[in-house]
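J.: Give me a 3D structure for the following:
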Amino acid sequence: MLACPACSSPAIRPYKKGTFSAARLNPDQIKITDSQYGEFWDLSICRDCGHIFANPSPEPDYLLSLYRLIEDPLYEEEAAGRSKNFLGILSFLEKILPKKGLLFDVGAATGILLDLARRRGWQPDGIEPSSWAVKTAAEKYHLHLDEGYFETAPLEENHYSVVTMIDFIEHTPMPYEAVKKAGQILRPSGLLVLVTPDIHSPAAKIAGPKWWHLRPAHLSFFSRSSLAALLGRAGFSIFHERRYTWTFSAHYLVSRKPSLRFFSENPFLASFLKRIPLKLALGDSFEIYARKVKRV
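T.: Modelled structure (predicted):
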């Protein structure tokens, strides 16, 4: 019997008929900068915790084979803005921890967060399935990333002070296994940082079927209750929550709209727009800080 991936309850019912099928899935549709908004899987909802998830979901090995092939230069072009996104997380961690230690980033992409962390005195490690991203991290930032799937990677246990999962947990069909693995590699009282979309946010409701987090790469949508259930089940206690703020260039935002393609593809205008940073406080993503309280 199918159980909720977050809380393991069997109380599952259909939630929404999808607009997308696995037969059409390819690497470009699951890269970070994909803009196929409104494309989503058949979704089910857990009656107990409210978790919404793809049902059926693509098999993990099949997803890994696609993620390995992703190339996403536009992601790296936005390194300056993405660093500003990550700076708020690192600054908060530095206020509450007695010292900077070992930090592991899950779904590290090209290593922008880890490079920023290293420059601020952290000891960075991470894992990423995209071969292109791992190579880019090595060439541009001189970072060694493990290449593969976090849930099954052989990693040292009780080792890290912090594990970050920034826009990762919604991509995996195994959220409990991922969070449980984070608990295994964290030291006692270590911290887990999660950023993930909030499908019940006002922005999501206003955007409706065109909400930018409704995309083929996203297999899970959490609520406060389902995040609490997932983290509690994996041995974590949430101690702080806030809303994630995004910073992107004007060029990146314009490039998301096909109707504005002239502005993003014109060399002069593109160069100008890339120099304009825009902060988006949409309030449609959770930023969660949780402490490891027991071994599961």
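
J.: quick one: contacts for the residue nearest to R47 when sequence neighbours are not counted?
T.: In this structure, R47 finds its nearest non-sequential neighbour in A11, 3.9 Å apart by C-beta to C-beta, 6 or more residues apart in numbering. (Glycine included, C-beta is placed from N, CA and C.) Contacts for A11 were tallied using C-beta atoms under 8 Å, 6 or more residues apart in numbering; they are 4, 46-48.

J.: now F86
T.: Counted by C-beta under 8 Å, 6+ apart, F86 has contacts 112-113, 116-117, 166.

J.: Looking at those, spot the one nearest Y160.
T.: A117 (12.0 Å; C-beta to C-beta).

J.: My understanding was that H240 contacts R291; is that so?
T.: No - H240 lies out of contact with R291 (C-beta atoms under 8 Å); the separation is 9.4 Å.

J.: Name the residue in the two with the higher neighbour count.
T.: More neighbours surround R291 than the other of H240 and R291, with 18 against 13 (other C-beta atoms under 10 Å).

J.: in the sheet, who's paired with the more buried one?
T.: L191, S237 (DSSP bridges).

J.: just checking, G190 touches R291?
T.: Yes - with contact defined as C-beta under 8 Å, G190 counts as touching R291 (7.5 Å).

J.: what sits in contact with each of the two?
T.: Residues touching both G190 and R291 by C-beta under 8 Å, 6+ apart: none at all.

J.: Regarding the residue nearest to R47, what are the backbone dihedral angles?
T.: phi -80, psi 80 (degrees, to the nearest 10).

J.: Can you give me the buried ones in stretch 208-224?
T.: 211-223 (16 or more other C-beta atoms under 10 Å).

J.: Show me the two of those that sit farthest apart.
T.: Using C-beta to C-beta, the buried residues of stretch 208-224 span at most 21.4 Å, a distance reached by P216 and S223.

J.: Go ahead and flag the most central residue of the protein.
T.: Most central in the chain under C-alpha atoms, centre = their mean is D167, positioned 1.3 Å from the mean C-alpha point.

J.: for that one, what are its contacts?
T.: 32, 107, 195-196, 285.

J.: where's it relative to S285, distance?
T.: D167 sits 8 Å away from S285, going by C-beta to C-beta, to the nearest Å.

J.: which residues are in contact with both of the two?
T.: 195-196.

J.: one step back: same list, the contacts of F86, but as TSV with distance to V134 and secondary structure please.
T.: Below are these laid out as TSV (distance: C-beta to C-beta, whole Å; DSSP: H, G, I helix; E, B strand; the rest coil):
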residue	distance to V134	secondary structure
I112	13	helix
L113	14	helix
L116	18	helix
A117	17	helix
I166	17	strand
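
J.: Can you flag the buried ones in those?
T.: Neighbour-count burial (16+ other C-beta under 10 Å) applied to those gives 112-113, 116-117, 166.

J.: residue boundaries of the helices in the stretch 101-250 of the chain?
T.: All helices of the stretch 101-250 of the chain, identified by DSSP state H, counting those that start in this stretch, fall at 112-119, 131-141, 175-185, 202-207, 224-233, 250-255.

J.: what mean pLDDT does the first one have?
T.: The average pLDDT within helix 112-119 is 97.

J.: quick one on the thing from earlier: can I get the contacts of A11 in a markdown table including distance to L230?
T.: A markdown table is the format used below for the contacts of A11 (distance: C-beta to C-beta, whole Å):
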| residue | distance to L230 |
| --- | --- |
| C4 | 9 |
| C46 | 11 |
| R47 | 16 |
| D48 | 12 |
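
J.: Could you tell me which helix of this protein is the longest one?
T.: helix 79-96 (DSSP state H).

J.: what's the spacing between it and its chain's center?
T.: Mean-position distance between helix 79-96 and its chain equals 15 Å (C-alpha atoms, centre = their mean, to the nearest Å).
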